[in-house]
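Engineer: no FASTA, just this:
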């Protein structure tokens, strides 16, 4: 899970749907990016950095959950 991305989205006051619309992607695609299932394009991460004001390296960080660390 990309907890930093999720926290940044929430801090910006955006739902997943609103963020997907700002990025011009589908909700399902955005959910996969936020969950860490897919990476997304460089352009998308540039936009996320602009929207959130947080460097994309921080936003891209994936934290493993308990089920992933076994």
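Structural biologist: Sure thing, it's come through. Every value quoted in this text rests on a predicted model; they were computed, and no experiment measured them.
Engineer: for this protein, what spans make up the helices?
Structural biologist: Along the chain, the stretches classed as helices by DSSP state H are 3-11, 16-23, 27-35, 42-52, 56-60.
Engineer: go ahead and confirm residue 23 touches residue 49.
Structural biologist: No. With contacts defined as CB atoms under 8 Å, residue 23 does not count as touching residue 49, sitting 11.5 Å away. C-beta: built from backbone N, CA, C; applies to glycine.
Engineer: next up, the contacts around the closest residue in space to residue 58 that isn't next to it in sequence.
Structural biologist: Of all residues not flanking residue 58 in the chain, residue 4 sits nearest, at 5.3 Å (CB to CB, 6 or more residues apart in numbering). Residue 4 sits next to 54, 58-59, 61 when contact means CB atoms under 8 Å, 6 or more residues apart in numbering.
Engineer: from residue 64, how far off is residue 5?
Structural biologist: Per CB to CB, to the nearest Å, residue 5 is found 15 Å from residue 64.
Engineer: who has more neighbours, these two?
Structural biologist: More crowded of residue 5 and residue 64, by other CB atoms under 10 Å: residue 5, with 25 against 10.
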